[in-house]
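Visitor: pasting a predicted model and its sequence here:
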Amino acid sequence: MRHGKLSQASSPMALRRYGFILSFLAAPLVLYVVFVIAPYIQAFQIALTNWKGISPDFDYVGLENFGRMFDDDVFWQAVRHHGLLLLVMPLATIAIALFFSFLLNVGGGQANGRRTGVRGSAFYKIVFFFPQVLAVAIVGVLFQAILRPDKTGVINNALGAVGVDPVGWLINPDLALWTIMGVMVWQAVGFYVVLFSAGMSSIPSEVFEAAALDGAGRFTLFFKITLPLLWDTLQVGWVYLGIAAFDGFALVQVLSVDRGGPDNATTVLPLEIWRQAFTFSKYGYASAMGVALFFLTLTFAVLTLRVTRRERIEF
Amino acid sequence: MTRPPQRPGGRVGVFGTLSHLALVVWAILVIFPIIWTFLGSFKTNTEIFGEHPLGLPATFHWDAWGRAWAKAHIGQYLINTVIVVALSTFFTMLLSSMAAYVLARYRFPGSRLIYLLFVSGLSFPVFLALVPLFLTVKNLGLLGTHTGVVIVYVAYSLPFSVFFLTAFFKTLPTTVAEAAMMDGASHTRTFFQVMLPMAKPGLISITIFNILGQWNQYLLPIVLLPGNAQDKWLITQGIANISTNAGYEADWAGLFAALSMAIIPMLIVYIVFQRQIQSGLTAGALK
């Protein structure tokens, strides 16, 4: 027997439906609001206070924390480091990963009418990706031992064998940030090789065949065909790496001398936020830096979407 | 149709050799530090920092592994991490698939808003929330407990998992679920017995993503499990701590044994599941 349309809204069936929706959403939603959304909102509020952690008392001080932040040399050093990271790290990672993924998927010439990678492609894809499954903190400890400034470090030991003086990879303030970027690239390349490989394998092989028939060499294949057709994937990679350039916490905290040293030469905003909050208990100031980091990340995301928006190539 | 292998333009020579060389060099760059660490765990200090960093130890000393496991508590940290990650991944998957299913399949007032609320979590840096999150966990009396870490891991894994699984549930056909409902199955039963099995590929990808992400977390453990809760520590903070100590006690072999204990399980899991892991980690980027 069927109920009329009017009574259906409050029928047992509709009630059961709403009961089900509520029971499935309640737990995740409560957890998410209490531990994620509420802290994000509270951070903006705490940023306007002079809260010092130890006592529960605090006053609203308006934008004082931000004024102090703009006078803080360490803050600007950290911002400059993010700028450099954003400029160098994604470009280096994408360039190396693109080169390798091209070799591994297209660079091997043709076999049975299909373009293949160079010999051993499967092996390289497995090996290159491995650093990605290691924790950044563990990679940091690993490279601490490799990059030691005297002959006990592996790299300096090898350099010594060919007569080069030991290099202070992490203790030379002009070099330390570059060394850390090198380690970031070391860990990231494999992920982007796999990501770009997935993108390249979705390009129909007829496209390459037609180009090869027209006499296109490897360089033409790469710059005129692979690169434009891979644009969407590249954009995703750029956004991921850009976001990573605003982090760097674990690696700098573990790997650098004196956590961000020498002389703040490698410090980053997340590290300063953590230090202000949990070493100096300056909750207000730490949250103000958090707000600054949020707006920096947001600016990057908006700019990227604006600049890279482009006609999609259908194939 | 088969054609003999041919090279474009016949230019294999220099380019081919150089590019192969580049691949080999990068492979060595990746493998070398790991082998060096592993071998170092069996060596004496003079052997580790001697003339031949890749040389084999004169005799294999296993005692560093014992020191790392017991004295440096790496065994304890590994067990803690397994417990925390197992629980938090399980609850992440349960809660996110429940939320994603409802958001993907049921229209009700506010459903769009709730979806956007979850997805908005993807655009905030966790460092912004750090202080209030710490205070929330502390006020609930969960600071220095595994319960606190599990809850926070689950909460911060929800945005991406819900986002990914909502998209996935939308791609599944509706007919099977409708047939089950016609046969009298409840909404809950339809979800667990019909929809979840159908969503298996998506669930596997996102489970791998969450296991690796939570296993490798460093920031949240050092904030939520401070120094006075050292018996609760997780593997990443344990390793970072032992590296500070190895400098003073000059127990480098112990440090390398600890590192090997953290790296080798990941290496084995990766080699066994490498196809799923690669697609699981890159799935998010391609959605």
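Guide: It's in.
Visitor: could you pull out the helices for the stretch 151-287 of chain B?
Guide: B:175-182, B:187-190, B:196-198, B:200-215, B:219-224, B:235-249, B:252-272, B:274-286 (DSSP state H, counting those that start in this stretch).
Visitor: skipping adjacent residues, who's closest to A:Gln276 in space?
Guide: Excluding the flanking residues, the one nearest A:Gln276 by CB to CB, 6 or more residues apart in numbering or on different chains is A:Ala286, at 3.9 Å. Every C-beta, even on glycine, is put in place using the N, C-alpha and C of the backbone.
Visitor: one step back: return the most buried member of the helices of the stretch 151-287 of chain B.
Guide: Here the criterion is mean neighbour count by mean count of other CB atoms under 10 Å in any protein chain shown, and of the helices of the stretch 151-287 of chain B the winner is helix B:219-224, at a mean of 22.
Visitor: which neighbouring elements make contact with that one?
Guide: helix A:269-278, helix B:126-139, helix B:146-171, helix B:235-249 (3 or more CB pairs under 8 Å, 6 or more residues apart in numbering or on different chains; DSSP states H and E).
Visitor: got the angle for the helix or strand harbouring the residue nearest to A:Gln276 vs helix A:269-278?
Guide: According to DSSP states H and E, A:Ala286 maps onto helix A:283-308. Angle between the axes of helix A:283-308 and helix A:269-278 is 160 degrees (criterion: axes from the mean of the first three to the mean of the last three CA atoms, to 10 degrees).
Visitor: buried stuff in helix A:283-308?
Guide: For helix A:283-308, burial by neighbour count (16 or more other CB atoms under 10 Å in any protein chain shown) applies to A:283-294, A:296-297, A:300.
Visitor: out of the residues you listed, the closest to chain B would be?
Guide: A:Gly290 (3.9 Å; CB to the nearest CB).
Visitor: out of the helices and strands packed on helix B:219-224, deepest packed?
Guide: It is helix A:269-278: most buried of those by mean count of other CB under 10 Å, with a mean of 23.
Visitor: pull it out as CSV, backbone CA atoms only.
Guide: Only the C-alpha atoms of helix A:269-278 are listed here, as CSV (Å, rounded to 0.1, in the frame of the first residue of the first chain):
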residue,chain,number,x,y,z
LEU,A,269,58.1,30.1,9.1
PRO,A,270,56.7,26.7,10.3
LEU,A,271,59.8,26.3,12.4
GLU,A,272,59.5,29.8,13.9
ILE,A,273,55.8,29.2,14.6
TRP,A,274,56.7,25.9,16.4
ARG,A,275,59.6,27.6,18.3
GLN,A,276,57.6,30.6,19.4
ALA,A,277,54.8,28.4,20.6
PHE,A,278,56.5,25.5,22.2
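Visitor: now do it: which elements does it pack against?
Guide: Against helix A:269-278 (3+ CB pairs under 8 Å, 6+ apart) you get helix A:73-105, helix A:249-255, helix A:283-308, helix B:126-139, helix B:219-224.
Visitor: helices along the stretch 1-150 of chain A, start to end?
Guide: Secondary structure of the stretch 1-150 of chain A (DSSP H, counting those that start in this stretch): helices at A:5-8, A:12-32, A:38-46, A:64-70, A:73-105, A:121-129, A:136-146.
Visitor: what would those look like in TSV with mean neighbour count and mean pLDDT?
Guide: What follows is these, written out as TSV (neighbours: other CB atoms under 10 Å in any protein chain shown; pLDDT from 0 to 100):
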stretch	mean neighbour count	mean pLDDT
helix A:5-8	9	45
helix A:12-32	15	89
helix A:38-46	18	91
helix A:64-70	16	86
helix A:73-105	19	91
helix A:121-129	19	88
helix A:136-146	24	89
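Visitor: nearest to B:Ile271, of the helices and strands packed on helix A:269-278?
Guide: With distances scored as CB to CB, the stretch of the helices and strands packed on helix A:269-278 nearest to B:Ile271 is helix A:73-105 (18.6 Å).
Visitor: check which helices and strands that closest one sits against.
Guide: helix A:121-129, helix A:176-201, helix A:231-245, helix A:269-278, helix A:283-308, helix B:13-40.
Visitor: kindly recompute the last result at 6 Å.
Guide: helix A:176-201, helix A:231-245 (3 or more CB pairs under 6 Å, 6 or more residues apart in numbering or on different chains; DSSP states H and E).
Visitor: which of those helices has the lowest mean pLDDT?
Guide: The weakest mean pLDDT among the helices and strands packed on helix A:73-105 belongs to helix A:231-245, with a mean of 87.
Visitor: distance between that one and the chain's centre?
Guide: The gap between where helix A:231-245 is centred and where its chain is centred comes out at 8 Å by CA atoms, centre = their mean, to the nearest Å.
Visitor: adding distance to A:Phe249, write the helices of the stretch 1-150 of chain A out as TSV.
Guide: Formatted as TSV, those follow (distance: least, CB to CB, whole Å):
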stretch	distance to A:Phe249
helix A:5-8	54
helix A:12-32	23
helix A:38-46	16
helix A:64-70	18
helix A:73-105	11
helix A:121-129	23
helix A:136-146	8
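Visitor: B:Arg107: which of the ones you listed is closest?
Guide: helix A:12-32 (9.9 Å).
Visitor: wait, a strand at B:Leu142?
Guide: No. Counting by DSSP: H, G, I helix; E, B strand; the rest coil, B:Leu142 is not found in a strand; it is coil.
Visitor: who's in contact with A:Ser256?
Guide: Neighbour list for A:Ser256: A:Thr266 [criterion: CB atoms under 6 Å, 6 or more residues apart in numbering or on different chains].
Visitor: so stretch B:154-167, near chain A or not?
Guide: Yes. Using CB under 6 Å from any CB of the partner chain, stretch B:154-167 reaches chain A at B:Ala155, B:Leu158.
Visitor: which residue is nearest the middle of chain A?
Guide: A:Ala244 (2.2 Å; CA atoms, centre = their mean).
Visitor: for A:Val257, helix, strand, or coil?
Guide: Going by three-state DSSP: A:Val257 is coil.
Visitor: burial count for the residue nearest to B:Met198 when sequence neighbours are not counted?
Guide: Nearest non-adjacent residue to B:Met198, counting by CB to CB, 6+ apart: B:Leu172, 5.4 Å away. Other residues near B:Leu172 come to 17 when the count uses other CB atoms under 10 Å in any protein chain shown.
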